[in-house]
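>>> got a sequence here, can you build the structure:
(2 chains)
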Amino acid sequence: AQKVTQAQTEISVVEKEDVTLDCVYETRDTTYYLFWYKQPPSGELVFLIRRNSFDEQNEISGRYSWNFQKSTSSFNFTITASQVVDSAVYFCALSEISGYSTLTFGKGTMLLVSP
Amino acid sequence: DAGVIQSPRHEVTEMGQEVTLRCKPISGHDYLFWYRQTMMRGLELLIYFNNNVPIDDSGMPEDRFSAKMPNASFSTLKIQPSEPRDSAVYFCASSHTGQARSTEAFFGQGTRLTVV
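Modelled structure (predicted):
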């Protein structure tokens, strides 16, 4: 069965610091997809990125970057020069090819960025 | 596109009452999902539909929960009778899978249900 572990329950940083959110996953499928979602205090879930298991290239989008390493089953998320608006709960999720878009979520990491 | 629309945003009801949550998926999306978020269990899948047909309802906690999708633009999640432990945020999400077989799901803003 698939599983996603976000070991960091809560992280507090000061604005402009870099922060990395860890995500470790388990799956028996050779083809799968990994996702990150953001849940700001307003409560909605905002899609950030999708990565398939065949694409281990790291990705950068503005201040956000993602490091996918199949060898360690990790899909970590780094925010560079954090801002107060980055304060949210961040969820890592896994979708197996056999699961047809159903997501298994980690427990989430609450990020608090203080000014 | 307006995104996934859920109603109501907040619902407070008394134990034993029937509760109906509503969802309008993004037009053209062929998958619809209902998730529940609680502090104890996090985000968990309740049921999902493909082309209006329920595919997997193994996540539905009890027979008190039921979901329908009468057409491509509307789904309901009903709890009857409701219990305090049903208090949670219920999310509806939709996706268009096509050839990719797994694409990102777009979530509604959720319905915060409180059963007293």
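>>> could you look up the SS state of the nearest residue in space to A:Ser87 that is not next to it in sequence?
Once flanking residues are discounted, A:Ser87 sits nearest to A:Val113: 4.9 Å by CB to CB, 6 or more residues apart in numbering or on different chains. Quick note: C-beta positions are derived from backbone N, CA and C, even for glycine. State at A:Val113, reduced to three classes by DSSP: H, G, I helix; E, B strand; the rest coil: strand.
>>> for A:Val113, give its distance to chain B.
Taking CB to the nearest CB, to the nearest Å as the measure, A:Val113 falls 22 Å from chain B.
>>> now swap in A:Arg50 and tell me
5 Å.
>>> where does chain A come near chain B, residue by residue?
Residues of chain A lying close to chain B (CB under 8 Å from any CB of the partner chain) are A:32-33, A:35, A:37, A:42-47, A:50, A:52, A:91, A:95-97, A:99-108.
>>> 6 Å - rerun?
With CB under 6 Å from any CB of the partner chain as the criterion, chain A meets chain B at residues A:Tyr33, A:Gly43, A:Glu44, A:Leu45, A:Phe47, A:Arg50, A:Ser95, A:Ile97, A:Ser101, A:Thr102, A:Phe105, A:Lys107.
>>> and those, which two are furthest apart?
The span of the residues of chain A next to chain B, defined through CB to CB, is set by A:Gly43 and A:Ile97 at 30.1 Å.
>>> those two: which is more packed in?
A:Ile97 (17 against 14; other CB atoms under 10 Å in any protein chain shown).
>>> identify the residues contacting the helix or strand of chain A with the lowest mean pLDDT?
Here the helix or strand of chain A ranked lowest by mean pLDDT, DSSP states H and E is strand A:59-61, holding a mean of 88. Applying CB atoms under 6 Å, 6 or more residues apart in numbering or on different chains, the external contacts of strand A:59-61 come out as A:Trp66.
>>> how many neighbours does residue 106 have?
Answering for chain A, as no chain was given. 24.
>>> if you could check chain B rather than the one you did, that'd help
Residues within reach of B:Phe106, counting by other CB under 10 Å, total 19.
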